[in-house]
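S.K.: dropping a prediction and its sequence here:
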Amino acid sequence: MGEFVVFFVSLFSIVNPFSSIPTFVGLTGGIERAERRRMITQTSFAVFVILATSYLTGQALLRFFSISVPSLRVAGGLVILGMAWSMLHARISGTKQTPEEAEESAGRPAIAVVPIAMPLLAGPGSISLMIIAAGRATGFASHGIALLATLSLSVSVWLILQAAGPIAETLGKTGMNVATRFMGLILAATAIEFITSGLGEIFPGWIGGMGA
């Protein structure tokens, strides 16, 4: 249970569906309610497929490109740390969506998968986390917990986007910023953990030397 909670909180903090509410509301403002619900279902399903596929195939891709898991931990930690820094300043990180992508998607009819599901929700940070988690998992139970947490995250995305309008009105700009900063703090701690563990495996004497 503890492993599930830790992984779910880390993944939820990176995906951060709350930060996507203003963009989602803006992109779907003129869409009928039934169509919006269908789009939310498509988005949630796409998030699960993208993250689960990353989890299941990421290790094979690392082997193909001769990239070690510790190196990915450091690189992924730096990406996540950049996202966390932006969130601590109540901004959407450029690693999730660039201004050019946002401008291009504004006039695109099919937005459930691109850009909402990817890269706004399932971006480089969450994909890196899935690949790193797959490398750390030991046994069938660990894999099942990670995929169950991913499924739970997708359900959370569905619930939050369904209530996007009321949430945005209730929390307001200040409330959304507070929630984003809190998620950013958790994310920063996760990033530091990835970076230090990755460096510890790349340079085995580094951590030992620090403790001496």
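M.R.: All right, it came through fine. Residues are numbered from 1 along each chain as shown.

S.K.: which is the succeeding secondary structure element to the helix or strand of the chain with the lowest mean pLDDT?
M.R.: The weakest-scoring helix or strand in the chain, judged by mean pLDDT, DSSP states H and E, is helix 99-105 (a mean of 55). Remark: after helix 99-105, the chain's next helix or strand is helix 124-136, criterion DSSP states H and E.

S.K.: pull the distance from that following helix to the chain's centre.
M.R.: Chain-centre distance of helix 124-136: 10 Å, with Cα atoms, centre = their mean, to the nearest Å.

S.K.: what's next to the helix or strand following that helix, contact-wise?
M.R.: The helix or strand immediately downstream of helix 124-136 is helix 140-162, counting by DSSP H and E. Residues from elsewhere that reach helix 140-162 (Cβ atoms under 8 Å, 6 or more residues apart in numbering): 3-4, 7-8, 11-12, 15, 17-18, 20-21, 24, 37, 40-41, 43-45, 47-48, 51-52, 55, 121, 130, 133-134, 136-137, 167. For the C-beta atoms, the positions are set from N, CA and C on the backbone; glycine is no exception.

S.K.: and those, which are buried?
M.R.: Among these, those classed as buried by 16 or more other Cβ atoms under 10 Å are 7-8, 11-12, 15, 17-18, 20-21, 24, 40, 43-45, 47-48, 51-52, 55, 121, 130, 133-134, 137, 167.

S.K.: so which of these are in helices?
M.R.: Among the buried ones among the contacts of helix 140-162, the members found in helices (DSSP state H) are 7-8, 11-12, 15, 21, 24, 40, 43-45, 47-48, 51-52, 55, 130, 133-134, 167.

S.K.: pull the CA atoms of stretch 13-21 into PDB?
M.R.: Output of stretch 13-21 as PDB, limited to C-alpha atoms (Å, rounded to 0.1, in the frame of the first residue of the first chain):
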ATOM      1  CA  SER A  13       2.500  15.700  -8.800                       C
ATOM      2  CA  ILE A  14       4.200  15.500 -12.200                       C
ATOM      3  CA  VAL A  15       1.000  15.200 -14.300                       C
ATOM      4  CA  ASN A  16      -0.700  17.800 -12.100                       C
ATOM      5  CA  PRO A  17      -4.200  17.800 -13.700                       C
ATOM      6  CA  PHE A  18      -5.100  21.000 -11.800                       C
ATOM      7  CA  SER A  19      -2.500  23.000 -13.700                       C
ATOM      8  CA  SER A  20      -4.200  21.900 -17.000                       C
ATOM      9  CA  ILE A  21      -7.600  23.200 -15.900                       C
END
